[in-house]
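Peer 1: My questions concern the predicted model and sequence given below.
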Amino acid sequence: MELDDLKEAWKNTTNLKPKNTDVMELIRHKSYGPIAALKREFRKQMIVMLMLPVLLFITNMDDLSKPMHSILFWSYVVFCMGVVAFAYYNYRIAGQMESMEGMVKSHLVKQIETLQQSLKWKVTGLRIALLFFIALTEIVPYFQHYRMLDKWHSLNPLIRFGSYAAFLALQFFLSKKILQRKFGRHLNYLRELVKEME
């Protein structure tokens, strides 16, 4: 009788999975886990930002001197490469979360905080880039002529600067919401999962 009880108790203990294992499986799942979702978003960002300058270049194939001598084009290329480098850096951090080195919980908490800080820098960087492109839009027509910019500069300055202000305000409110939807919710979910770890 005692042997049967011992066998039954052993079966019950072997069927129980440690909570940490379940959490770690959920965190590191290759297709639907929060780390996989973050990596997917960073990868999409890299692909899109690499493709945009190429598409701009292709659309100007009939006159290659236009993009090659355009300060706007090269500024945009530098901006896109900066975004790609930043997305790659974040992608690498998300990839490090999949490794099991060191204390797992403290490792994940550190990486989550790093990504959170990185997203704050991204918002700031986007605002600075927007201000730079607004300044460029105002300054470039004095050195290079573009049909669209010449039309834009023919408008009343109140309309132009009012449009800039509206665009800055829109970017101010939308950028946080977009980053939260694309990245922040996955980081929040990760943080909740990490809290469940013992």
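Peer 2: Alright, I've got the coordinates.
Peer 1: Pull out the buried positions in stretch 121-132.
Peer 2: Lys122, Leu126, Ala129, Leu130 (16 or more other CB atoms under 10 Å). All C-beta spots, glycine's among them, are computed from the backbone N, C-alpha and C.
Peer 1: With respect to Arg185, which of these is nearest?
Peer 2: If you rank the buried residues of stretch 121-132 by distance to Arg185 using CB to CB, Lys122 comes first, at 15.5 Å.
Peer 1: Surely that closest one touches Gln180?
Peer 2: No - the criterion here is CB atoms under 8 Å, and Lys122 misses it with Gln180 at 11.9 Å.
Peer 1: and Lys110, how far is that from Pro53?
Peer 2: 34 Å (CB to CB, to the nearest Å).
Peer 1: Return the alpha-carbon coordinates of the helix or strand Ile159 falls within using CSV.
Peer 2: Assigned by DSSP states H and E, Ile159 falls within helix 157-179. Backbone C-alpha positions of helix 157-179 (Å, rounded to 0.1, in the frame of the first residue of the first chain) are rendered in CSV as follows:
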residue,chain,number,x,y,z
PRO,A,157,5.2,82.2,-44.3
LEU,A,158,2.3,82.0,-41.8
ILE,A,159,0.9,79.0,-43.7
ARG,A,160,4.3,77.3,-43.8
PHE,A,161,5.3,77.8,-40.2
GLY,A,162,1.7,77.0,-39.1
SER,A,163,2.0,73.7,-41.0
TYR,A,164,5.4,73.0,-39.3
ALA,A,165,3.9,73.6,-35.9
ALA,A,166,0.9,71.4,-36.6
PHE,A,167,3.2,68.6,-37.9
LEU,A,168,5.4,68.9,-34.8
ALA,A,169,2.4,68.7,-32.5
LEU,A,170,1.0,65.7,-34.4
GLN,A,171,4.4,64.0,-34.2
PHE,A,172,4.7,64.8,-30.5
PHE,A,173,1.4,63.0,-29.7
LEU,A,174,1.5,60.2,-32.3
SER,A,175,5.2,59.1,-31.9
LYS,A,176,4.6,57.8,-28.3
LYS,A,177,1.4,56.0,-29.2
ILE,A,178,3.0,54.3,-32.3
LEU,A,179,6.1,53.3,-30.3
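Peer 1: Remind me what the helix or strand that it is followed by packs against, helices and strands.
Peer 2: The C-terminal neighbour of helix 157-179 among helices and strands, as given by DSSP H and E, is helix 185-196. Helices and strands touching helix 185-196, as assessed by 3 or more CB pairs under 8 Å, 6 or more residues apart in numbering; DSSP states H and E, comprise helix 19-28, helix 34-59, helix 104-139.
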